[in-house]
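In: model the structure of this input:
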Amino acid sequence: MSTSSADGADHEPGATTTPPVLGTIGEPGRPGRLTVYFGAAPGVGKTYAMLDEAHRRLARGTDVVVGLVETHGRSGVVAQLEGLEMVPRQLLEYQGKEFTEFDVDAVLRRAPRVAMVDELAHTNIPGSRNAKRWQDVNELLEAGIDVVTTVNVQHLESLNDEVEAITGVRQRETVPDHVVREADQIQLIDLPPAALRRRLAHGNVYRAEQIDASLSSYFRVGNLTALRELALLWLADRVDDALTTYRHDHRIEAPWPARERVVVAIPGGPEGETLIRRGARIAQRAAGSELLAVHVLATDGLPSAPPAAIAAQRALIESLGGALHTVVGEDISAAVVDFAMGVNATMIVVGVSRRSRWREALSESNGVEIARLAENIDIHLVTHEQARAGRRTPVRTTPLSWRRNVIGWLLAILGPVALTGILHLPHDRIGLPTDLMLFFALTVAVALVGGLWPSLVSAVTGFLALNYFFTPPTGRLTIADPENALALTVFLLVAAAVASVVDLAARRTSQAFRARAEASALAAVSRSVISGEDTTRALVARLRETFNLTGVSLLERDSDRGPWHPLAVAGTDPALDPDAAQTVVAIDARRVLALRGPVLPASDRRVLEAFAAQAGVVLEHRRLREEAEHAKALQQVDAVRSALLAAVSHDLRTPLATIRAAVDGLISTDVRLGAEDTAILVGTVSDSTARLERLIENLLDLSRLQTGSVRPILRATSLDEFVPLATEGFEPAEVRVEVPETLPLVNTDPGLLERVVANIVSNAVRHAPTGVPVLVTASSTRRDVELRVIDTGPGLSDDLKERMFEPFQRLGDASRGGIGLGLAVAQGLATAVGAELVAEDTPGGGLTMVLSVPLAVEPVK
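Out: Down below sits the predicted model:
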């Protein structure tokens with residue numbers, strides 16, 4: 001933790017300070033911009049560069065202040081502070097020492113255009129406005145103040161374990177990655193390890209007595225090289241995210257080879273392992289490259305390869321640092337290229353086709369078609385043992401249902417035969433044009449029902465039937481009249497064209513339905529975000545319903561190699577491990593969505609990414625809510641502890657001092673006491689002991705309630721079992737009990753309820769006027785028995801009634817003793833036994849405490 005002594009001035013040496021003045025923050029409602037100077041290790045020059053930017057902005061006329069800079073005694077940094085306005089620090093006291101910290105309120109009052117705040121990951125001294133300096137920076141940004149700050153790679157939360165493994169030092173001051181990642185600008189301050197070690201040896205980083213130890217431990221060449229690589233790779237990921245966002249915003253579909261990203265197309269056969277290893281070797285040639293594999297399933301989602309083989313290849317690629325993705329596509333080559341372009345790949349590795357040569361002569365292999373479709377992506381063809389061994393060619397499916405396909409083929413085969421028979425029935429002879437129109441109508445009907453191929457078969461069959469049966473000379477496949485030949489040729493071409501148009505329209509309709517469903521799903525996700533729906537259970541349930549899946553799981557693990565455990569599941573067969581899922585969508589490094597059921601097509605990944613993004617938002621909101629609740633609980637505990645210490649310092653000391661004084665008087669040999677004086681001192685000891693006993697009992701009861709260790713034993717009980725015990729310590733002039741003996745039994749814990757009544761009565765006696773006893777009475781209703789403790793004291797206002805059950809609320813009765821625990825304990829114990837305690841006004845003045853205890857379900861026999 002970097003702190004500065006308060007001795008001397010509250011500003012950096014050599015810096016100029018001016019009295020704070022009220023400024024005007026820039027554009028109303030505009031959040032401030034965050035600039036981060038990012039480095040691999042201390043001493044690379046981040047603070048110096050930050051102050052250099054401050055001078056540049058100041059020279060341009062920008063209102064710049066230095067909110068906080070840690071010089072660490074570095075002369076160069078001290079010199080850079082010359083001419084810059086410094087905001088005085090705030091002075092804090094902690095454990096008997098004085099420290100200075102960043103004064104957020106002073107900067108907000110000053111309201112500059114730009115504030116320089118050093119060491120973003122710094123942990124503030126307890127008692128500061130915020131626990132972390134990055135939270136201070138967030139307040140400035142929300143106020144519209146631009147902030148320039150510094151941070152080292154070892155302070156990033158996600159890299160904490162890696163840094164410890166490299167350097168052997170656990171960094172206790174960290175900043176969440178998203179704070180730095182979401183910065184408007186990140187400037188890398190880089191310095192080679194040798195140059196940094198020279199700077200350290202010259203005394204430009206640490207004091208002379210720290211140089212040797214630093215050079216031999218943290219600042220070893222290997223450590224600095226590894227930290228530098230971590231910084232470069234982390235920043236490269238951030239730049240890659242920015243590039244992806246830019247391409248998406250500008251609708252740039254063509255890949256940009258900014259980073260080597262190799263996609264391996266695996267068919268699922270035994271050659272997949274060869275392709276994966278070759279792709280891994282290619283990826284390893286370029287530092288920072290990424291290895292991905294893609295397996296394409298048919299549109300029906302049924303696996304075209306043994307699941308065990310796919311699982312083995314998934315394990316292989318993950319062991320090599322890559323990831324396997326499964327997509328669905330009607331055209332395998334197009335699906336591979338679409339995936340590669342979607343991830344901005346620079347190379348596709350594909351195996352040589354397993355088709356025989358004669359089949360390749362009839363149609364292009366996947367490798368050739370991928371090379372044709374991927375215009376801006378390099379293609380690497382890999383030979384393997386299964387090449388030319390032959391394989392089953394996937395059937396290109398149609399968007400029409402199987403029922404329509406069957407009917408279409410029946411119409412294509414039987415329709416021309418039936419129509420030919422009908423036209424040969426005895427009737428007046430119709431001309432060839434009418435025959436052409438009838439066969440053309442049949443072809444259109446087949447196209448509407450069965451799509452492209454059945455209609456083409458129908459057109460060809462109709463062409464042959466017209467030629468053989470209806471075009472002179474009939475009975476032969478020759479045509480005497482050229483005009484008839486032209487008519488038949490036009491018929492065939494138009495029929496084929498109409499069939500193609502109808503098939504295209506069917507495909508476009510299917511795509512339109514898919515786009516509408518996708519838009520509806522995205523709209524539902526957007527509505528849930530706007531409406532504030534943040535339950536992971538609702539999210540996975542909607543995802544399962546949207547894609548008709550059998551199970552959806554939101555999985556998390558504590559470390560990169562740790563076991564997965566579910567955060568939320570939906571469906572009858574959710575996957576509890578990503579390996580058991582058909583589709584896996586990553587939310588972040590340690591959270592995934594695992595989907596079981598039909599494998600989703602590649603076009604649905606946009607919707608899945610939207611769900612994954614919302615899941616990330618939900619988890620982040622839940623984490624922040626839990627942190628807020630934890631912080632609130634800690635705040636309450638601190639408040640209770642402070643109040644307890646303040647109260648105990650007086651209320652425990654008073655009876656102890658009284659007991660000590662009385663005992664000293666009794667045992668003193670200097671004074672001879674009479675019987676009456678002795679009795680008075682003994683009575684004082686007894687009263688003070690009783691008071692101390694009640695105080696300790698209340699403290700113990702409150703502790704048990706706060707820790708949840710109260711375990712009531714409920715049974716049917718009469719009021720006579722606990723009311724007399726609760727009031728026996730009071731004189732008849734103080735308490736009058738009028739509880740009828742005919743009241744029904746109640747269901748409660750008599751021991752705990754006795755403590756409740758005793759505390760209520762004790763509180764009422766303290767506030768009742770002298771000579772007016774507190775009345776304890778009871779009555780029954782259909783559901784419970786109401787025990788009333790009535791006093792005629794000063795009473796309480798409505799706002800005080802709302803706070804009277806909080807711990808350490810004396811409400812103006814400090815002069816009467818007690819630390820304000822009685823009613824808090826009474827309320828807690830009453831709730832524990834299922835009773836209800838409320839306060840009402842006493843008619844004529846005073847306060848009535850009403851304790852409602854539920855009736856026993858069954859009477860005791």
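In: any regions of the stretch 751-861 of the chain where pLDDT drops low?
Out: 802-803, 807-822, 858-861 (pLDDT under 70).
In: bridged to Thr777, which residues?
Out: Glu738, Arg788 (DSSP bridges).
In: can you check Met86 too?
Out: Beta-bridge partners for Met86, by DSSP bridges, are Thr17, Val66.
In: same question for the one 4 residues further on.
Out: In this entry, Gln90 is beta-bridged to Glu101, by DSSP bridges.
In: ok, it - how many residues close by?
Out: 19 (other CB atoms under 10 Å). Any C-beta I mention is one placed from the backbone N, CA and C, and that applies to glycine too.
In: got a list of what it touches?
Out: 100-103, 105-106, 128 (CB atoms under 8 Å, 6 or more residues apart in numbering).
In: again, only using 10 Å
Out: 6, 10, 99-106, 125, 127-129 (CB atoms under 10 Å, 6 or more residues apart in numbering).
In: could those residues be laid out in JSON lines, adding neighbour count and secondary structure?
Out: JSON lines is the format used below for the contacts of Gln90 (neighbours: other CB atoms under 10 Å; DSSP: H, G, I helix; E, B strand; the rest coil):
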{"residue": "Ala6", "neighbour count": "16", "secondary structure": "coil"}
{"residue": "Asp10", "neighbour count": "15", "secondary structure": "coil"}
{"residue": "Phe99", "neighbour count": "20", "secondary structure": "strand"}
{"residue": "Thr100", "neighbour count": "20", "secondary structure": "strand"}
{"residue": "Glu101", "neighbour count": "22", "secondary structure": "strand"}
{"residue": "Phe102", "neighbour count": "24", "secondary structure": "coil"}
{"residue": "Asp103", "neighbour count": "22", "secondary structure": "coil"}
{"residue": "Val104", "neighbour count": "25", "secondary structure": "helix"}
{"residue": "Asp105", "neighbour count": "11", "secondary structure": "helix"}
{"residue": "Ala106", "neighbour count": "15", "secondary structure": "helix"}
{"residue": "Ile125", "neighbour count": "19", "secondary structure": "coil"}
{"residue": "Gly127", "neighbour count": "11", "secondary structure": "coil"}
{"residue": "Ser128", "neighbour count": "20", "secondary structure": "coil"}
{"residue": "Arg129", "neighbour count": "14", "secondary structure": "coil"}
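In: and which of those residues is nearest Leu752?
Out: Among the contacts of Gln90, Gly127 lies closest to Leu752 (CB to CB), at 38.9 Å.
In: Gly168 is in contact with Gln154, correct?
Out: No - assessed by CB atoms under 10 Å, Gln154 is found out of contact with Gly168, at 11.9 Å.
In: higher neighbour count, the two?
Out: In this view Gln154 and Gly168 are compared by other CB under 10 Å, and Gln154 has more residues nearby, 27 against 10.
In: wait, a strand at the more buried one?
Out: No - according to DSSP: H, G, I helix; E, B strand; the rest coil, Gln154 belongs to no strand; its state is helix.
In: without its sequence neighbours, what residue ends up closest to it?
Out: Of all residues not flanking Gln154 in the chain, Val163 sits nearest, at 4.3 Å (CB to CB, 6 or more residues apart in numbering).
In: and the one you found, what helix or strand is that in?
Out: helix 160-167 (DSSP states H and E).
In: which residues sit against the helix or strand that that helix is followed by?
Out: Downstream of helix 160-167, the next assigned helix or strand under DSSP H and E is helix 177-181. With contacts defined as CB under 10 Å, 6+ apart, helix 177-181 is touched by 34, 36, 38, 120-121, 132, 134-135, 137-138, 149, 151, 153, 155-159, 186, 234-235, 237-238, 241-242, 588-589, 620.
In: again, only this time at 8 Å
Out: 36, 38, 120, 134, 138, 151, 156-158, 186, 238, 241.
In: next one: stretch 715-733
Out: By CB under 8 Å, 6+ apart, stretch 715-733 touches 690, 735, 737, 739, 741, 743, 745-751, 753-755, 757-758, 761, 765, 771, 773, 776, 778, 785, 787, 856, 858-860.
In: please list only the buried members of the residues you listed.
Out: The neighbour count (16 or more other CB atoms under 10 Å) marks 735, 737, 739, 743, 745-750, 753-755, 757-758, 761, 765, 773, 776, 778, 785, 787, 856 as buried among the contacts of stretch 715-733.
In: and Arg56, how many residues sit next to it?
Out: 11.
In: with Pro126 instead?
Out: Other residues close to Pro126 by other CB under 10 Å number 10.
In: helix, strand or coil: sort out it for me.
Out: Look at Pro126: counting by three-state DSSP, its state is coil.
In: can you pull the contacts of it?
Out: Contacts of Pro126 (CB under 8 Å, 6+ apart): Tyr94.
In: hmm, back to that, just the contacts of Gln90 now: which is nearest Gly828?
Out: Gly127 (30.1 Å).
In: can you verify my assumption that the closest one contacts Tyr94?
Out: Yes - here Gly127 reaches Tyr94: they are 6.5 Å apart, a contact under CB atoms under 8 Å.
In: okay, the helix or strand Leu456 falls within in PDB with CA atoms only?
Out: In the assignment (DSSP H and E), Leu456 maps to helix 452-465. Presented in PDB, the C-alpha positions along helix 452-465 are these (Å, rounded to 0.1, in the frame of the first residue of the first chain):
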ATOM      1  CA  LEU A 452     -36.800 -27.900 -57.300                       C
ATOM      2  CA  TRP A 453     -35.800 -31.500 -58.100                       C
ATOM      3  CA  PRO A 454     -39.300 -33.100 -58.400                       C
ATOM      4  CA  SER A 455     -40.400 -30.200 -60.600                       C
ATOM      5  CA  LEU A 456     -37.400 -30.700 -62.900                       C
ATOM      6  CA  VAL A 457     -38.200 -34.400 -63.200                       C
ATOM      7  CA  SER A 458     -41.900 -33.400 -63.900                       C
ATOM      8  CA  ALA A 459     -40.700 -31.000 -66.600                       C
ATOM      9  CA  VAL A 460     -38.400 -33.500 -68.300                       C
ATOM     10  CA  THR A 461     -41.100 -36.200 -68.100                       C
ATOM     11  CA  GLY A 462     -43.700 -33.800 -69.500                       C
ATOM     12  CA  PHE A 463     -41.300 -32.800 -72.300                       C
ATOM     13  CA  LEU A 464     -40.800 -36.400 -73.300                       C
ATOM     14  CA  ALA A 465     -44.500 -37.200 -73.100                       C
END
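In: I'd say Glu53 and Thr149 touch.
Out: No - if you go by CB under 8 Å, Glu53 and Thr149 don't touch, sitting 11.1 Å apart.
In: distance check, the closest residue to Val772 other than its chain neighbours against Arg766.
Out: Leaving aside its sequence neighbours, Val772 sits nearest to Thr792 (CB to CB, 6+ apart; 5.4 Å). Distance, Thr792 to Arg766, using CB to CB, to the nearest Å: 13 Å.
In: just to revisit the earlier point, in helices, which of the buried ones among the contacts of stretch 715-733 appear?
Out: Here DSSP state H is the test, and these give 750, 753-755, 757-758, 761, 765 as lying in helices.
In: pipe the residues you listed into a markdown table and attach distance to Val352 per row.
Out: Below are those laid out as a markdown table (distance: CB to CB, whole Å):
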| residue | distance to Val352 |
| --- | --- |
| Pro750 | 86 |
| Leu753 | 85 |
| Glu754 | 88 |
| Arg755 | 85 |
| Val757 | 89 |
| Ala758 | 90 |
| Val761 | 93 |
| Val765 | 97 |
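In: quick revisit: A strand includes the residue nearest to Val772, no?
Out: No - using three-state DSSP, the secondary structure at Thr792 is coil, not a strand.
In: ok so, going back, mind checking the pLDDT average for the helix holding Val163?
Out: The average pLDDT for helix 160-167 rounds to 80.
In: mind listing what's buried along stretch 571-583?
Out: For stretch 571-583, the buried set under the neighbour-count rule, 16+ other CB under 10 Å, comprises 571, 574-578, 580-583.
In: one more: stretch 69-76?
Out: Buried, per 16+ other CB under 10 Å, within stretch 69-76: 69-71, 74.
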